[in-house]
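> could you work out the structure for the sequence below:
(2 chains)
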There are 2 protein chains.
Amino acid sequence: MNVSIAGLGLIGGSLALALKTRHRVTGFDIDASTRDAALAAGIDVVGASDALLPADAVIVATPIAAIVPTLEALAPRAGTAVLLDVASVRAPVEAFAASAPASCRIVGFHPMAGRSGSGFAAASAELLELRPFLIVPTVRSDTAAMTLAGALARDAGGEVTVCSAAQHDRIVAVLSALPLAFASALALTGAETVDGNLAALSGPGFGDSTRLALTSPDLGSAMLLANAQNVRGALDRARKVLDEVDRAIAAGDFAALNAILERAAEARRRLS
Amino acid sequence: MNVSIAGLGLIGGSLALALKTRHRVTGFDIDASTRDAALAAGIDVVGASDALLPADAVIVATPIAAIVPTLEALAPRAGTAVLLDVASVRAPVEAFAASAPASCRIVGFHPMAGRSGSGFAAASAELLELRPFLIVPTVRSDTAAMTLAGALARDAGGEVTVCSAAQHDRIVAVLSALPLAFASALALTGAETVDGNLAALSGPGFGDSTRLALTSPDLGSAMLLANAQNVRGALDRARKVLDEVDRAIAAGDFAALNAILERAAEARRRLS
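Modelled structure (predicted):
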């Protein structure tokens, strides 16, 4: 099908690279050098966002703050095109969809993928392989639009999970935002404690635990603030576990501490 | 030189494998099948801990609770052998050293290395390569013993840092114990939130952030409890950062949140 992509950064660029083997992909980015890089990588590029339509689907993969404005600009002219967006927080898109033209079809299309690099230079089809794609209906979704979103997610190499906007935002608060907040707190506490010596003293465990602190602060801040209520709830629940750990240590209670760590190890083993 | 190793688990076994190319290594483990596995891997093994002496150095690499008792058994018969121990918390060894025979030489020898596997089966020389080795004098250390410890650490592939017992315990509280507590809290909060769906929904970021939750609960509990005061201090400092993050989110303060994440990213970049 004809798939247009607005925004060719890490996620949009990776989607373009992953989908172009099976679909006719057309991309646009507001940055001219990004457009050049995408063109050099074999992606058809247009010079204005207007030229992304007509299409069977338009994937909006701009920075988070530009997603609703971009959907707003596309919606009145979308015709039969399904609008997909990669927003990692669904509430704002959900709110927009409620007021969008009745003819519009809008579906959340969120690949849970990332790396510390950013922009088209860091994009690759492999980034999306076997990653969870959360497909999130809005009030402007129908069965055909959901089916199309699922098919594109699979064509990009992903594994599809369908969930509501509320579920999505609760999930990403815990699986993306909370780990970022924790990694940042660890990195800062580590740096403050060992001063200039962090690189010499820390091993791979500390490195893994703090990797997400390399997330772009702009992206991270936007992600945490747009999903404030769920993120604060997740922080609160995680801090209750830390309180439990602290109490067991203060009491010198080996059995209690061991039970917490054993439950955590059991939870983590389900991932590996 | 003649190097004996008491305890051939992940760390002792890795040390034996790493040191045997340059030294005459003799190992002992209380577990017969571990002794057999070490023997099969080309390590000279003895059937009783008594037979570890005489030697130029004995490395005590038993589980943490057995380290002081093992040092206690070796100390009266050590002669000129330098006793090294891999305890990841120094205060108990420090206390023992103060009451050890005056002729004894005891040096802390702590490779900051690990993986989720355990036992000799998970041991390998590569585990120690380029890892920080914290060399910690006790009141029973002298220059020759410190020099020997440093040389063995380098021969095992490590990078030597010398620090006091107090510094050591503050450092590991932040670089090992705190990340374990955080990883465990994340894994539990994640599992509780997404229920049976954690594996399907989480990406590599969540996986990295929670990897240390796979640490053996027995080892983890011992490490946290033996270093209680420093670990509680580290937890307290890290929770203050989380409080700051929470306040910035509650206030919708992008600039404040961005500043925290930027400082954290800057700290983490020094590692990579």
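> quick one, helices of the stretch 1-150 of chain A?
Per DSSP state H, counting those that start in this stretch, the stretch 1-150 of chain A carries helices over the ranges A:10-19, A:32-40, A:64-74, A:91-98, A:143-155.
> do the fourth one and chain B meet at all?
No: using CB under 8 Å from any CB of the partner chain, helix A:91-98 stays clear of chain B, coming no nearer than 13.6 Å. For glycine as for every other residue, the C-beta is placed from the backbone atoms N, C-alpha and C.
> got it, and stretch A:177-189?
Yes: residues of stretch A:177-189 contacting chain B under CB under 8 Å from any CB: A:178-189.
> in helices, which of these fall?
Among those, the ones falling in helices (DSSP state H) are A:178-189.
> which residues touch residue A:28?
Counting by CB atoms under 8 Å, 6 or more residues apart in numbering or on different chains, residue A:28 makes contact with A:4-8, A:35, A:45-49, A:51-52.
> what do you get for residue A:138?
The contact partners of residue A:138, taken as CB under 8 Å, 6+ apart, are A:93-94, A:97-98, A:106-108, A:165.
> excluding residues flanking it in the chain, which one is nearest it?
residue A:97 (3.6 Å; CB to CB, 6 or more residues apart in numbering or on different chains).
> thinking again about what came up before, CSV for the helices of the stretch 1-150 of chain A, including mean neighbour count, mean pLDDT and distance to residue A:194?
Converted to CSV, the helices of the stretch 1-150 of chain A look like this (neighbours: other CB atoms under 10 Å in any protein chain shown; pLDDT from 0 to 100; distance: least, CB to CB, whole Å):
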stretch, mean neighbour count, mean pLDDT, distance to residue A:194
helix A:10-19, 26, 98, 31
helix A:32-40, 16, 97, 39
helix A:64-74, 18, 95, 34
helix A:91-98, 19, 95, 39
helix A:143-155, 18, 98, 43
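> so who does the residue of the stretch 1-150 of chain A found nearest chain B touch?
Of all residues in the stretch 1-150 of chain A, residue A:112 sits closest to chain B, at 4.5 Å by CB to the nearest CB. Contacts for residue A:112 (CB under 8 Å, 6+ apart) come out as A:131-134, A:172, A:175-176, B:201-203.
> closest to residue A:156 among these?
Within the contacts of residue A:112, the smallest distance to residue A:156 is 7.3 Å, found for residue A:133 (CB to CB).
> so the closest one is in contact with residue A:159, correct?
Yes: judged on CB atoms under 8 Å, residue A:133 makes contact with residue A:159 at a distance of 6.7 Å.
> follow-up on the earlier one: report the buried members of the ones in helices among the residues of stretch A:177-189 next to chain B.
A:178-189 (16 or more other CB atoms under 10 Å in any protein chain shown).
> just these now: which is nearest residue B:120?
residue A:186 (30.9 Å).
> run the contact check for stretch A:6-18 versus chain B.
No: using CB under 8 Å from any CB, stretch A:6-18 never reaches chain B; the gap is at least 12.4 Å.
> show me the strands in the stretch 151-272 of chain A, by range?
Assigned by DSSP state E, counting those that start in this stretch, the stretch 151-272 of chain A shows strands spanning A:159-162.
> ok, residue A:250 to chain B distance?
If you measure residue A:250 against chain B using CB to the nearest CB, to the nearest Å, the figure is 7 Å.
> picking up where we left off before, which one of the helices of the stretch 1-150 of chain A lies nearest to residue A:246?
With CB to CB, the closest approach to residue A:246 among the helices of the stretch 1-150 of chain A belongs to helix A:91-98: 33.0 Å.
> packing partners of that closest one?
Contacts defined by 3 or more CB pairs under 8 Å, 6 or more residues apart in numbering or on different chains; DSSP states H and E place helix A:91-98 against helix A:64-74, strand A:105-111, helix A:165-172.
> show me how far that helix is from its chain's centre.
17 Å (CA atoms, centre = their mean, to the nearest Å).
> how about stretch A:213-227?
Between the centre of stretch A:213-227 and the centre of its chain there are 11 Å (CA atoms, centre = their mean).
> repeat that for stretch A:200-213.
Per CA atoms, centre = their mean, the displacement of stretch A:200-213 from the mean C-alpha position of its chain is 22 Å.
> ok, now stretch A:47-65?
Offset of stretch A:47-65 from its chain centre (CA atoms, centre = their mean): 18 Å.
> dump it to CSV, restricted to CA.
The C-alpha trace of stretch A:47-65 is given here as CSV (Å, rounded to 0.1, in the frame of the first residue of the first chain):
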residue,chain,number,x,y,z
GLY,A,47,9.5,18.5,0.1
ALA,A,48,6.3,19.5,1.9
SER,A,49,3.9,17.7,4.3
ASP,A,50,1.0,18.4,2.0
ALA,A,51,2.5,16.0,-0.5
LEU,A,52,2.1,13.1,2.0
LEU,A,53,-1.5,12.8,0.9
PRO,A,54,-3.2,11.0,-0.8
ALA,A,55,-2.1,7.7,0.8
ASP,A,56,-3.5,4.6,2.3
ALA,A,57,-1.9,5.4,5.6
VAL,A,58,0.0,8.3,7.1
ILE,A,59,2.2,7.6,10.1
VAL,A,60,2.9,10.6,12.2
ALA,A,61,6.3,10.2,13.8
THR,A,62,7.3,13.7,14.8
PRO,A,63,8.5,14.7,18.2
ILE,A,64,5.8,14.3,20.7
ALA,A,65,4.8,18.0,21.0
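> low-confidence ranges in chain A?
Counting by pLDDT under 70, chain A contains no low-confidence range.
> try it again with 90
A:113-118, A:193-204, A:219, A:270-272 (pLDDT under 90).
> which helix runs longest in it?
Ordering each helix of chain A by length in residues (DSSP H) puts helix A:228-250 first.
> coming back round to it: and of the buried ones among the ones in helices among the residues of stretch A:177-189 next to chain B, the nearest to residue A:126?
residue A:179 (21.6 Å).
> so what's residue A:134 bridging to?
The bridge-partner assignment for residue A:134, based on DSSP bridges, gives residue A:110, residue A:161.
> what parts of the stretch 1-150 of chain A come near chain B?
For the stretch 1-150 of chain A, the residues in contact with chain B (CB under 8 Å from any CB) are A:112-114, A:116, A:131-132, A:134.
> ok, the nearest residue to residue A:125 once chain neighbours are set aside - contacts?
Take residue A:125 and drop its neighbours on the chain: the residue closest to it by CB to CB, 6+ apart is residue A:18, 3.9 Å away. Counting by CB under 8 Å, 6+ apart, residue A:18 touches A:125, A:128-129, A:155-157.
> could I get the residues you listed as a markdown table with distance to residue B:102?
Formatted as a markdown table, those follow (distance: CB to CB, whole Å):
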| residue | distance to residue B:102 |
| --- | --- |
| A:125 | 67 |
| A:128 | 65 |
| A:129 | 63 |
| A:155 | 75 |
| A:156 | 70 |
| A:157 | 67 |
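> buried subset of those, written for ChimeraX?
Burial among those is assessed by 16+ other CB under 10 Å; the matching ChimeraX selection reads:
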select /A:125,128,155,156,157
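> which two in the contacts of residue A:18 are spaced the farthest apart?
Among these, A:129 and A:155 lie farthest apart (CB to CB), at 11.7 Å.
> circling back: can you flag the buried ones in the contacts of residue A:28?
Using 16+ other CB under 10 Å as the threshold, A:4-8, A:35, A:45, A:49, A:52 are the buried ones among those.
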